[in-house]
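*Asks:* starting from these lines, generate the structure:
(2 chains)
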Amino acid sequence: MSDVVHPVPVTTEPRGVRFLVILLVLSLVAVLLLAPLAAVFSEALADGLPAALQALAQPDARSAIGLTLLVAVITVPLNAAVGIAAAWAIARFDFRGKAFLVTLIDLPFSVSPVVAGLALVLLFGSNSTLGGWLITHDMRIVFALPGIILATLFVTFPFVARELIPVMIEQGRAEEEAALTLGASGWRAFRTVTLPNIRWALLYGVLLCNARAMGEFGAVAVVSGKIRGETTTMPIMVEMLYNEYLATAAFSLAAALALLALVTLALKSLLEWRHADLLAATRRH
Amino acid sequence: MATHRFVAPSPLPGFGLGFGITMAALSAVVLLPIAFLLGRGIALGPTELWGMVNTPRIWAALGLSFRAALIASLVNLVFGLLLAWVLVRYRFPGRRLIDAAVDLPFALPTAVAGIALTALYAPNGAFGQLLPVRVAYAEPGIWLALIFIGLPFVVRSVQPVLEELDPELEEASATLGASRAVTLRRVVLPTLTPALLTGFALALARSVGEYGSVIFIAGNLPFETEIAPLLIVIRLEEYNYDAAAAIGIAMLMISFAMLLALNLIQTGTRRRTGHA
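*Replies:* As a prediction, the model looks like this:
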């Protein structure tokens, strides 16, 4: 007999609507994101695991894996160092044209990677004055490792700085000022106060930077010259094998890159769950 | 005169070092190559440059690149909003997994995404043989690749704003007699507009210049499915550096004009809704 009123929450949608929207979103995620991922592995394993592993053990594939690792090992630390320097200047000081500098740091996001590669070829290629001079002095930039590194640095330039700047702005400079007052040198204040405070945001930026550095295609494709065993990174090798109709080999190498992407996502999620408070600032900006 | 100082006084050291490293790296890696590209255009002169860009094949490629990027980013605007809403507001099993999966397009190399989508949507692929329309090797394939790579931008822009949105606003709206639909349209959506626009602009900028995921699925037929970045690569392979530079400059100009327009809209909405 009791007339219990079940309050209908006014800040959410009716149950049926919620269910349908969740279903729609889940199916879209499955078709759009998860299906391609599954396709990479199923195509790679189409001829069985031994065939896939054998494809990875080919000399060209091995040199591509080595080159990709080398490029990442060189570019990611450089990028991290420049990102820290940029964040220190931007988040700790007020100077003229700061907003403009931030815009310039983000510039690579709005430039096509192919255009970035094109610009490097025009600057350092054999047709330019500088490029001609470098080549006569036996320094190849384009169609060689330095070009690949420059192209990778270009496309990954904003990654670390973008993660660090909002975190450092939010933390403020009081702690470093206190360290200086207590007699620490500037360098010591940076090492013992700033660096521990930004370490998770730094790791986050490095993770994203590394994923892009290892996976970059457009910019690297333009400057690499695609010399087999010499200037072919893993993504470039995937394209070459695919165009030669060596599907298993192409997808095996692609699966290795996809595994790397999964590791990146897992580490990133772990960071987000465990250090949500420290990373909150990077997500708000 | 303090007002004429470049940098405000601070007890912290290291401005010169940080600023110096940043400017040196930025100039060497980003600004010098871009300046050189633009310089090449200036050296050619506007008439010559226009003559090189003004060909039917280049217009077709530029039109395709910008049209496909616009379509894909609009799809991502809607899908991204839905996805962000579901991730923030609803609780269901697998939510964290979906949240992590949203970043897959950031982590997966574009060439890998390209061949995977092609394998699925090719006429004999798992999805391709079920679909009545041709996706791979046609324009819808390009849209699909660009939807894939642009997906995280809108979600990741909207999500944090939605998380901080106070439910009291919606309660107040309901108390005043608004239906849920009206509350969503008149209270929630305007609050999210700046974040939606930011995500849209980022997705658009990324998709316009995208190359790796598109070239595998596009079919690359001149006048039909040939994107502008591919045309740059083709001209470079022919050692036609001036023509490649002309297309590159055209892409830069159109991209910047587009982003500037979006920025102006953004400033307008922020002023209207009073968000900083």
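*Asks:* and the residue of the stretch 101-250 of chain B closest to chain A?
*Replies:* Residue nearest to chain A within the stretch 101-250 of chain B (CB to the nearest CB): B:Gly209, separated by 2.4 Å. Just so you know, the C-beta spots here come from the backbone N, C-alpha and C atoms, and that holds for glycine as well.
*Asks:* next up, the contacts around that residue.
*Replies:* For B:Gly209, the contacting residues are A:110-115, A:218, B:65, B:229, B:251, B:255, by CB atoms under 8 Å, 6 or more residues apart in numbering or on different chains.
*Asks:* do you know how far B:Val154 is from A:Glu272?
*Replies:* The gap separating B:Val154 from A:Glu272 is 18 Å, by CB to CB, to the nearest Å.
*Asks:* between those two, who's got more neighbours?
*Replies:* Taking other CB atoms under 10 Å in any protein chain shown, B:Val154 and A:Glu272 do not tie; B:Val154 has more neighbours (29 against 19).
*Asks:* now do the SS call for A:Ala184.
*Replies:* Using DSSP: H, G, I helix; E, B strand; the rest coil, the structure places A:Ala184 in coil.
*Asks:* tell me the pLDDT at it?
*Replies:* Listed pLDDT for A:Ala184 reads 92.
*Asks:* so how far is A:Gln171 from it?
*Replies:* Taken as CB to CB, the span from A:Ala184 to A:Gln171 is 17 Å.
*Asks:* then B:Ala61?
*Replies:* As for B:Ala61, its distance to A:Gln171 is 46 Å (criterion: CB to CB).
*Asks:* ranges for the helices of the stretch 101-250 of chain A?
*Replies:* A:113-124, A:129-136, A:145-156, A:158-171, A:174-181, A:186-189, A:195-215, A:218-224, A:234-243, A:247-274 (DSSP state H, counting those that start in this stretch).
*Asks:* distance to B:Ile234 for those helices - can I get that in CSV?
*Replies:* Shown next, in CSV, are these (distance: least, CB to CB, whole Å):
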stretch, distance to B:Ile234
helix A:113-124, 11
helix A:129-136, 21
helix A:145-156, 18
helix A:158-171, 29
helix A:174-181, 52
helix A:186-189, 51
helix A:195-215, 23
helix A:218-224, 11
helix A:234-243, 15
helix A:247-274, 22
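*Asks:* closest one to B:Gly268 among the ones you listed?
*Replies:* Nearest of the helices of the stretch 101-250 of chain A to B:Gly268, taken as CB to CB: helix A:158-171 at 24.3 Å.
*Asks:* buried stuff in the closest one?
*Replies:* Neighbour-count burial for helix A:158-171, counted by 16 or more other CB atoms under 10 Å in any protein chain shown, picks out A:158-168, A:171.
*Asks:* for chain B, give me its nearest residue in the stretch 101-250 of chain A.
*Replies:* A:Ser112 (2.4 Å).
*Asks:* tell me how far A:Val142 lies from B:Glu168.
*Replies:* With distances taken as CB to CB, A:Val142 is found 59 Å from B:Glu168.
*Asks:* check B:Ser27 too.
*Replies:* If you go by CB to CB, the gap between B:Ser27 and B:Glu168 works out to 49 Å.
*Asks:* compare the two (neighbour count), which wins?
*Replies:* Comparing B:Ser27 with B:Glu168 by other CB under 10 Å, the one with more neighbours is B:Ser27, at 13 against 10.
*Asks:* which residues does A:Ala91 contact?
*Replies:* A:164-165, A:168-169, A:173.
*Asks:* pLDDT weak spots in the stretch 1-150 of chain B?
*Replies:* B:1-4 (pLDDT under 70).
*Asks:* what helix or strand is the residue most central in space within chain B located in?
*Replies:* Nearest to the geometric centre of chain B sits B:Ala203, at 2.2 Å (CA atoms, centre = their mean). Using DSSP states H and E, the element containing B:Ala203 is helix B:189-208.
*Asks:* tell me how far the residue nearest to B:Ala113 when sequence neighbours are not counted lies from A:Pro113.
*Replies:* Closest residue to B:Ala113 apart from its sequence neighbours, by CB to CB, 6 or more residues apart in numbering or on different chains: B:Ser213 at 4.5 Å. With the distance defined as CB to CB, B:Ser213 ends up 11 Å from A:Pro113.
*Asks:* higher neighbour count, these two?
*Replies:* B:Ser213 (30 against 27).
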